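>>> one predicted model, sequence on top.
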Amino acid sequence: MAEAIDLKYIGTRPVRPDGVDKVTGRAQFGADQNLPNMLHGKVLRSPHAHARIRRVDVSGALAMDGVYAAVCGEDFPSEVGGSMLGEGGGDLGDVARNIMARDKVLYHGHAIAAVAASSLEIAERALHAIEVEYEVLPPVLDVLEAMEEDAPLLDENCFTKNLPEKPDKPSNIASVMTLARGNVDEGFEQADLVVEGEYRIPMAHQGYIEPHACTATVNEEGKATVWCCTQGHFDFRAATAKILDCPIGDLKFIASEIGGGFGGKTVLYLEPVAVMLSRQSGRPVKMVMTREEVFRATGPTSGTVCRVKVGAKRDGRITAAKAWMAYEAGAFAGAPMGPGCMSIFAPYDLENFLVVGHDVLVNKPKVAAYRAPGAPQAMHAMEVALDDIARQLGMDPLDLRMKNAADEGTQAPYGPKFPAIGFKACLEAAKEHPNYKAPVPEGAGRGVAAGFWFNVGMQSSAEVRLNEDGTVIVMEGNPDIGGSRASMCLMAAETLGVPYERINAFVGDTESTGFCNVTGGSRTTFATGLAVVRACEDIIGQCKSRVAATWGVDEDQVDWQDGQAVPAPGVNAEVTPMSLADIAASMPKTGGPMLGRASLNAQGAGASFSINFADLRVDRETGKVDVLSFTAVQDAGRAIHPDYVEGQMQGGASQGLGWALNEEYIYDADGVMENAGFLDYRMPVASDLPMIDTHIVEVPNPSHPYGVRGVGETPIVAPLAVAANAVRDATGVRINDLPLSPPRIVAALEGN
Amino acid sequence: MTKMHVQTSINGETVEFLCSPQQTLLEALREIVGRQGTKEGCGTGDCGACSVLIDDRLVCSCLVFAAETQGAEVTTIEGIAGDGGLHPLQEKFLEHAALQCGICTPGFIVAAKSLLDRDPDPDEETIRYWLAGNLCRCTGYDKIIRAVQDAAGELAYQA
């Protein structure tokens, strides 16, 4: 097991292999691919939040000088089946209609046609030459209004799934999910204290700094090459093949460096359109979204309404918990309501609970995965309710959580029993943390909350190539979104026993490396890391075999120690140990080049838990909140590269605080987003934040050779309730809804 | 449309190019003269990913017309490293893991250099306010601030 291993490289903090290219401007991101003879593509977007499309005519655009292609919905295959793998990808028929509308437009900014022209200027002018006739329909923007029986329907063929009986009328409620255990009514009867509330959180965007971008070129045989920024080029390739009804083998996808994703680049928008435009024009086509397009037409996460009721005994033991939640899916089904339902009570060992979730269509962009999709909204409600319980009981909020904490053997609300988990270790570490023991600064308030994410495994491949001089190339297929090449090199160094500096990691395209699912679900270091470890073990096996032949002994008489082949204990052979470099040098004589491989479907991702706490000060006059300190405690299983684990925790804290304090999609009555830019969609800047203190807990994941748990998603979960609870502590007023923006705080303090 | 002829200096090299009157410096750098290290995050001057120096003044190149750089000296991320290798800021960004995805990094390094050129010993608050025009969504800024502080110390030591 992992703890018994004496680790030499894992846990160190070397410079990442792709670092120099990223600090010098050499690294090639999505918009950096240019090809000879290239055209520029642009998308025409709906000016209405809800309308029937009567007619689209692109001929005016095509007639313009410099315009070489124009497409609209009817140019794409009409029947698209299957679903997109990964978090929040959803039904591919929906994805197809999201990237190019047919029959109806379902949100302001919905793509309706596209052109390719010799310059961006001409392409933009050509959009004005496209004629569209709309029959404007009333939009429905609020999730509760959308659930009403007489609400305008987005999809007349949407019948609520998972009801006991198939409904006879269509609805905006795409599906319902229920999770239950025990008897909540009896549980509430046993309670000495019951707390309940309704909590609303508006849509928020992932906010990656790099807009979506791709360049596609199609040859006369129909073979296409696509460069794009993506969290998963294999999944993008599969989706494009389905949407365009062509064989996967006709498509080659090359992932550029990716300028942030946070889930939002697990789904595609531009790539099939660029391929269509390139097919039609016979020339390469580059498409880059503006920031406004990113806001209006790509993945926000769901706005939500969560109602939570929690009962507890005087000693803090929870007797029952109940949640009713509605998630905005945007224009097509697929809100992260499932993971929301499964995560809301996950940190706690509960005898009685009931969760009901709803996936609801509204005339807003189709939501995409955003870091721990669904969990922050749901857990905000629970963690705020627990704060109110702790307050009423006069109990320390960490003690209340410890009293109810899930541990190894606890049955998770979503079914399985937890193996070794680190929630209690996080609670203990938080309680002992000097920041927690320090008094709350004068006039400030302290908030505490827990975070959780399931983590996932899924499919990964890796190759380990031994170079002639004993240096090593690791090749895998997961876009490096935050230092994963360094983690792969560290795990390879540890397994092979050779220095980190002798290993380099590359992200291959869909033709040069084996299949990998998306960089998402916090799976890359766990699952692709596991494939790298297995591929290294494959190489070690081959090395032992070659050395055994050289020494004239059996293979089991050769051991692998500290990067070299040595005789096994008790083997009486007059031989000199052979290093990886020695073995590499002898390859031509011992059987030729060596390549280690592994492909797997990783199981046992290992759930991740966190405790965050922060001290916030509220300006009662202006409603502005200052974050004085923030401390994140999280179980990483094993931190492969601690800098990048801390970085995930700090970045997630910042995103969570942004969501809690300022970020929101603001709509007018017609369904037009009013703040589609970084000036008005207010993400945290450096002067908004203090240093973010981190404490990594390591309870090894038994399903990974080095104990890795995914660390990327959990960090965004707790900060929402941390901020809400700190503002409550600072002001004495409980504000249920987010964001805790200055106007909302001022209104609450004035008693409105 | 008639193009304009511009002669400017980019990272010490005299460069001539033709651009349309409404083309931005960012577009000219990336699409005309092939300096793609400068990134576009918003095109509206809100994110700082396209930060460059014009005659030592820190600007968002998306808010400057290319033609405005006639006769000026433009410094981009490609000009930050010197003959001796990486600039201390670049070294410290690597050492402190002050980047995750890396798209904002060129802008941060250019902006931070402009700060340290003016104020070799800034305190944390000064660094945070100077860099408030640069958005990073990955790091929470912690490691970026530490890298800039450390680079300031390194530059002072070298001086």
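That came through, no problem. Residues are numbered from 1 along each chain as shown, chains lettered A, B, ... in the order given.

>>> residue ranges with poor pLDDT in chain B?
By pLDDT under 70, the weakly predicted segments of chain B are B:1.

>>> domains in chain B, by residue range?
When chain B is parsed with automatic domain parsing, its domains come out as B:4-79, B:88-158.

>>> end-to-end on the shortest one?
To tie it back to what came earlier, the one meant is domain B:88-158. Across domain B:88-158, the terminal residues are separated by 10 Å (CA to CA, to the nearest Å).

>>> pick out the residue of chain B closest to chain A.
residue B:37 (1.8 Å; CB to the nearest CB). C-beta here means a position set from N, CA and C on the backbone, and glycine is covered the same way.

>>> mind checking the SS state of that residue?
Following DSSP: H, G, I helix; E, B strand; the rest coil, residue B:37 is assigned to coil.

>>> which non-adjacent residue is nearest it?
Counting by CB to CB, 6 or more residues apart in numbering or on different chains, residue A:25 is the residue found nearest to residue B:37 once chain neighbours are left out, at 1.8 Å.

>>> show the contacting residues for the one you found.
B:35-38, B:76-78, B:106 (CB atoms under 8 Å, 6 or more residues apart in numbering or on different chains).

>>> name the SS class of it, please.
coil.

>>> quick one, phi psi at it?
Backbone torsions of residue A:25, given as degrees, to the nearest 10, read phi 80, psi 10.

>>> got a pLDDT number for it?
Predicted confidence (pLDDT) for residue A:25: 97.

>>> derive a PyMOL selection command for the buried subset of the contacts of residue A:25.
Entered in PyMOL, the line below selects the buried ones among the contacts of residue A:25, by 16 or more other CB atoms under 10 Å in any protein chain shown:
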select buried, chain B and resi 35+36+37+38+76+77+78+106
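
>>> so residue A:10 sits in a helix?
No. The assignment for residue A:10 (three-state DSSP) gives coil, which keeps it out of a helix.

>>> chain neighbours aside, what residue packs nearest to it?
Nearest to residue A:10 is residue A:494, by CB to CB, 6+ apart, at 4.9 Å.

>>> ok, that neighbour touching residue A:9?
Yes. Counting by CB atoms under 8 Å, residue A:494 touches residue A:9, with 4.7 Å between them.

>>> where's the residue nearest to the spatial centre of chain B, which helix or strand?
The geometric centre of chain B, computed from its C-alpha atoms, lies nearest to residue B:110 (CA atoms, centre = their mean), at 2.9 Å. Secondary structure assignment for residue B:110, by DSSP states H and E: helix B:105-118.

>>> buried sites along that helix?
Residues B:105-116 are the ones in helix B:105-118 that count as buried (16+ other CB under 10 Å).

>>> rewinding a little: against residue A:529, how distant is the residue nearest to residue A:10?
Distance of residue A:494 to residue A:529, computed by CB to CB, to the nearest Å: 11 Å.

>>> mutual contacts of the two, please.
Residues touching both residue A:494 and residue A:529 (CB under 8 Å, 6+ apart): residue A:706.

>>> higher neighbour count, these two?
residue A:529 (28 against 22; other CB atoms under 10 Å in any protein chain shown).

>>> helix, strand, or coil at the more buried one?
Using three-state DSSP, the structure places residue A:529 in helix.

>>> distance of residue A:239 relative to residue A:109?
With distances taken as CB to CB, residue A:239 is found 20 Å from residue A:109.

>>> one more: residue A:369?
Counting by CB to CB, the gap from residue A:369 to residue A:109 is 19 Å.

>>> neighbour-wise, which of these two wins?
Neighbours were counted for residue A:369 and for residue A:109 using other CB under 10 Å; residue A:369 has more, 30 against 25.

>>> now the more buried one, what's its secondary structure?
coil.

>>> helix, strand, or coil at the most centrally placed residue in chain A?
Nearest to the geometric centre of chain A sits residue A:263, at 3.3 Å (CA atoms, centre = their mean). Going by three-state DSSP, the secondary structure assigned to residue A:263 is coil.

>>> what do you get for residue A:69?
For residue A:69, the secondary-structure state derived from three-state DSSP is strand.

>>> verify the contact between it and residue A:277 for me.
Yes. Under the criterion of CB under 8 Å, residue A:69 makes contact with residue A:277 at 4.4 Å.

>>> mind listing the shared neighbours of the two?
A:39, A:41, A:115-116, A:285.

>>> also near chain B: which of those, exactly?
The overlap between these and the neighbours of chain B (CB under 8 Å from any CB of the partner chain) is empty.

>>> still on that earlier bit, more neighbours: residue A:69 and residue A:277, which one.
Between residue A:69 and residue A:277, counting by other CB under 10 Å, residue A:277 is the more crowded of the two (31 against 24).
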